[in-house]
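Peer 1: Sequence and predicted structure below; questions after.
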Amino acid sequence: MLITNVLVIGGGPAGSIAARFLAAHNIDTILIERDLSYIKP
């Protein structure tokens, strides 16, 4: 079982930025993306 404060579903532009912002502010964050064929920053 994973325990986290925030779970971001979707690694598109908005999800990636949100997860990075939250993690930068020491909030335990997990980002889930189902399609890893796209190269994203």
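Peer 2: Everything's here; your move. Residues are numbered from 1 along each chain as shown.
Peer 1: residues in contact with stretch 29-41?
Peer 2: For stretch 29-41, the external contacting residues (C-beta atoms under 8 Å, 6 or more residues apart in numbering) are 2, 4-12, 15-16, 19, 22-23. (Each C-beta comes from the backbone N, C-alpha and C, glycine too.)
Peer 1: and those residues, which of them are in strands?
Peer 2: Among those, the members falling in strands are V6, L7, V8, I9 (criterion: DSSP state E).
Peer 1: Nearest to I27 among these?
Peer 2: Taking C-beta to C-beta as the measure, I27 lies nearest V6 of these, at 5.9 Å.
Peer 1: any idea how far S16 is from the closest one?
Peer 2: With distances defined as C-beta to C-beta, to the nearest Å, the gap from V6 to S16 amounts to 13 Å.
Peer 1: So what sits opposite the residue nearest the centre of the chain in the bridge?
Peer 2: Nearest residue to the geometric centre of the chain (C-alpha atoms, centre = their mean): L31, 2.6 Å. With DSSP bridges applied, the residues forming beta bridges to L31 are V8.
Peer 1: Give me the pLDDT for it.
Peer 2: Per-residue confidence for L31 comes out at a pLDDT of 94.
Peer 1: what's the answer for the one 4 residues further on, then?
Peer 2: Looking at D35, its pLDDT is 84.
Peer 1: Tell me the secondary structure at it.
Peer 2: The assignment at D35 comes out as coil when based on DSSP: H, G, I helix; E, B strand; the rest coil.
Peer 1: and it, what are its phi and psi?
Peer 2: Listed backbone geometry of D35 is phi -110, psi 100, with angles given as degrees, to the nearest 10.
Peer 1: Next, work out how far apart it and G12 are.
Peer 2: 10 Å.
Peer 1: So between those two, which is more surrounded?
Peer 2: Neighbour count, other C-beta atoms under 10 Å: between D35 and G12, G12 has more, with 12 against 8.
Peer 1: Just the buried ones out of the contacts of stretch 29-41, please.
Peer 2: If you count burial by 16 or more other C-beta atoms under 10 Å, the buried members of those come out as V8, G11, G15, S16, A19, L22.
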